[in-house]
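Chemist: kindly return the folded structure for what I paste below:
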Amino acid sequence: MATSVEQGRETRARLMAAAVDLVAEHGWGEVTTRMVADRAGVRPGLVHYHFASVTDLLIDTSVQAARREYESVMAGVMALPGPEAMRGMLAAIAAYTTIDPTTVVMTEMMLAATRHERLRAELGGLVAEARTVLARWFRDNSAVADPEATAAVVVALLDGLILHRLIDSSLGAVDVTGPLLRAAGLTECRTSEGKSDEQAGGGGPGR
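Modeler: Numbers count the residues shown, from 1 in each chain. Modelled structure (predicted):
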């Protein structure tokens, strides 16, 4: 038999999972206590037992989702050497599409961060962590003069690519490997014909 602590943890997880789905389906500002409770299959009062407000639920949920995404990508990619790490990042962001709930939630969250100070602070800390991890990787794997600044540029480029691909799906057909490697201060690998990764074509990473 589950203890009260375990039951509380399970209920909280169900509420957060319901919140992710509802933000993806209806948008941040449309989610209500009753919608979350109905989706999670619990009484509305339990929403406010576990969270001070629906906004707090959405903030905790979206930050958790963002952290999971960042840590998943960074852990896998940062284990790769040199240019392969940047290609890995491009392959990872290629999975973000307008029909992917996590992508929609992340987009809604970025907009909501302009209105909610706690969310802005939480996301700011998460992005700073990502820059720190990437800067450490640059110090260990490249000869860039300023790892911190380079990390800031690369993170911003990748986030921008995600947003632009959500608006213009045709951008997914553009191979940006070469420009990203140059921005990261890394040398492009050459094919046997002497062509760069970008010139060789054959589609972008993950295709």
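Chemist: which helix or strand contains the closest residue to residue 133 other than its chain neighbours?
Modeler: Distances taken as C-beta to C-beta, 6 or more residues apart in numbering place residue 74 nearest to residue 133, at 5.3 Å, with adjacent residues excluded. C-beta: built from backbone N, CA, C; applies to glycine. Per DSSP states H and E, residue 74 falls inside helix 54-77.
Chemist: picking that back up, next up, the contacts around the residue nearest to residue 133.
Modeler: 130, 133-134 (C-beta atoms under 8 Å, 6 or more residues apart in numbering).
Chemist: coming back round to it: which parts of the helix holding residue 74 are buried?
Modeler: 54-63, 65-67, 69-70, 73-74, 77 (16 or more other C-beta atoms under 10 Å).
Chemist: stretch 153-164 too?
Modeler: Applying 16+ other C-beta under 10 Å to stretch 153-164 flags 153-155, 157-158, 161-162 as buried.
Chemist: closest one to residue 146 out of the residues you listed, please.
Modeler: residue 153 (9.6 Å; C-beta to C-beta).
Chemist: alpha carbons of the helix holding residue 74, in PDB - could you do that?
Modeler: The C-alpha coordinates for helix 54-77 follow below in PDB (Å, rounded to 0.1, in the frame of the first residue of the first chain):
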ATOM      1  CA  VAL A  54      -2.300  27.600 -11.300                       C
ATOM      2  CA  THR A  55       0.500  29.900 -12.300                       C
ATOM      3  CA  ASP A  56       2.900  28.300  -9.800                       C
ATOM      4  CA  LEU A  57       1.900  24.900 -11.100                       C
ATOM      5  CA  LEU A  58       2.700  26.000 -14.700                       C
ATOM      6  CA  ILE A  59       6.000  27.600 -13.700                       C
ATOM      7  CA  ASP A  60       7.200  24.500 -11.800                       C
ATOM      8  CA  THR A  61       6.000  22.200 -14.600                       C
ATOM      9  CA  SER A  62       7.600  24.200 -17.500                       C
ATOM     10  CA  VAL A  63      10.900  24.700 -15.600                       C
ATOM     11  CA  GLN A  64      11.000  21.000 -14.900                       C
ATOM     12  CA  ALA A  65      10.400  20.300 -18.600                       C
ATOM     13  CA  ALA A  66      13.000  22.800 -19.700                       C
ATOM     14  CA  ARG A  67      15.600  21.400 -17.300                       C
ATOM     15  CA  ARG A  68      14.900  17.900 -18.500                       C
ATOM     16  CA  GLU A  69      15.400  18.900 -22.100                       C
ATOM     17  CA  TYR A  70      18.600  20.900 -21.500                       C
ATOM     18  CA  GLU A  71      20.200  18.200 -19.400                       C
ATOM     19  CA  SER A  72      19.300  15.500 -21.800                       C
ATOM     20  CA  VAL A  73      20.800  17.400 -24.800                       C
ATOM     21  CA  MET A  74      23.900  18.700 -22.900                       C
ATOM     22  CA  ALA A  75      24.700  15.300 -21.300                       C
ATOM     23  CA  GLY A  76      24.600  13.500 -24.600                       C
ATOM     24  CA  VAL A  77      26.300  16.100 -26.800                       C
END
